[in-house]
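Q: Predicted model, plus sequence, below.
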Amino acid sequence: MTQDAIEPGARRGDTGDRFADFENLTLWQRVHRAVGDEILSNRLPPGMVLNEVGLARALGVSRGPVREALGRLASEGLVHMRPRRGAIVASLTRAEFLEAYQVREALEVMAIRLAVARIDDAGIAELERLAAEMQDCAGRDDVDRFFEANTAFHAAIVAASGNQKLREVHRQVVGQMGRYQMRSLALRGTVRRSVQEHRAIVRAVRRRDADRAAHLLSEHIRVPQRRLESAPDDELIELRPSEAEKGAQP
């Protein structure tokens, strides 16, 4: 993404080979993937204004595919389209963040019920490995690596469901929420509690107890939901992480 694809002064990232199969997509799909990946990785952070002409120049396409891609990103909640002012990278309000947690809970509960009947010993071993990695990261206060392992754990459960459509929707929801991982940590309270919850989920999966696994996973995801719901301020606040939050420790 070149610097003129965004407003002056915005951060610039190395796209590298992230667009490996770029040539196999239609023009608007190329733009959609390129910009979407930048947003989900937080290289284009919430509130950043996107320049349609700059995007077209950066990706070597006309403004038509850019406009179509931005419209699709808007329908996915990643971009806000402002009349006569262009597109801006979306932020989540508190209400939207709560809704995302509710959707994520529904998707993952469905996924783990499907997964318990399908997952093999290798799949369970991978869940155990990721839970152990989270515990190690918690012990070292390595928040970034903890979230990587946490994301992989939940993605592995969804993948084990065997439902491709569920995986696609889950990836979209988690991608939107992933930009606010430090706020998620603040809502959860401690990564050490999270480790215990993940280990309990794995034990239920190993016993092939779908009801128990679904209950534990649901309760795990509801921890930050309850904190959002019980917050005293009824205002819809933006959940953009502050600089202090970015450096927070569990």
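A: Everything's here; your move.
Q: Can you give me every residue that contacts the residue nearest the centre of the chain?
A: The residue lying closest to the centre of the chain (C-alpha atoms, centre = their mean) is residue 175, at 2.4 Å. Shown in contact with residue 175 (C-beta atoms under 8 Å, 6 or more residues apart in numbering): residue 40. C-beta here means a position set from N, CA and C on the backbone, and glycine is covered the same way.
Q: Quickly note the distance from it to residue 27.
A: Between residue 175 and residue 27 the computed distance is 22 Å (C-beta to C-beta, to the nearest Å).
Q: Name the residues of stretch 75-82 that are buried.
A: For stretch 75-82, the neighbour count (16 or more other C-beta atoms under 10 Å) marks 76, 77, 78, 79, 80, 81 as buried.
Q: And for stretch 151-163?
A: Under the neighbour-count criterion of 16+ other C-beta under 10 Å, stretch 151-163 has 151, 152, 153, 154, 155, 156, 157, 158, 159, 160, 161, 163 buried.
Q: Excluding chain neighbours, what is closest to residue 119?
A: Distance criterion C-beta to C-beta, 6 or more residues apart in numbering; nearest residue to residue 119, sequence neighbours excluded, is residue 160 at 4.5 Å.
Q: list the buried ones in stretch 94-104?
A: Buried residues in stretch 94-104, counted by 16+ other C-beta under 10 Å: 94, 96, 97, 98, 100, 101, 103, 104.
Q: picking up where we left off before, give me the element the residue nearest to the centre of the chain is part of.
A: helix 164-178 (DSSP states H and E).
Q: Mind listing residues that contact the lengthiest helix in the chain?
A: The longest helix of the chain (DSSP state H) is helix 94-118. Here helix 94-118 makes contact (C-beta under 8 Å, 6+ apart) with 77, 92, 123, 154, 157-158, 160-163, 166, 169-170, 173-174, 176-177, 180, 183, 201, 205, 208-210, 213-214, 217-218, 221-222, 224-225, 228-229, 231, 235-237, 239.
Q: List buried members of these by neighbour count.
A: Neighbour counting by 16+ other C-beta under 10 Å classes 77, 92, 123, 154, 157-158, 160-161, 163, 166, 169-170, 173-174, 176-177, 180, 183, 201, 205, 210, 213-214, 217, 221, 224-225, 239 among the contacts of helix 94-118 as buried.
Q: Can you tell me which of the residues you listed end up in helices?
A: Among these, the members falling in helices are 123, 154, 157-158, 160, 166, 169-170, 173-174, 176-177, 183, 201, 205, 210, 213-214, 217, 221, 224-225 (criterion: DSSP H).
Q: Which helix or strand in this structure has the lowest average pLDDT?
A: Least confident helix or strand of the chain, by mean pLDDT, DSSP states H and E, is helix 243-246 with a mean of 33.
Q: What residue, apart from its backbone neighbours, is nearest residue 167 spatially?
A: By the measure of C-beta to C-beta, 6+ apart, the closest residue to residue 167 outside its immediate chain neighbours is residue 158, 5.4 Å from it.
Q: no, scratch that, I was asking about residue 145
A: Nearest to residue 145 is residue 137, by C-beta to C-beta, 6+ apart, at 4.6 Å.
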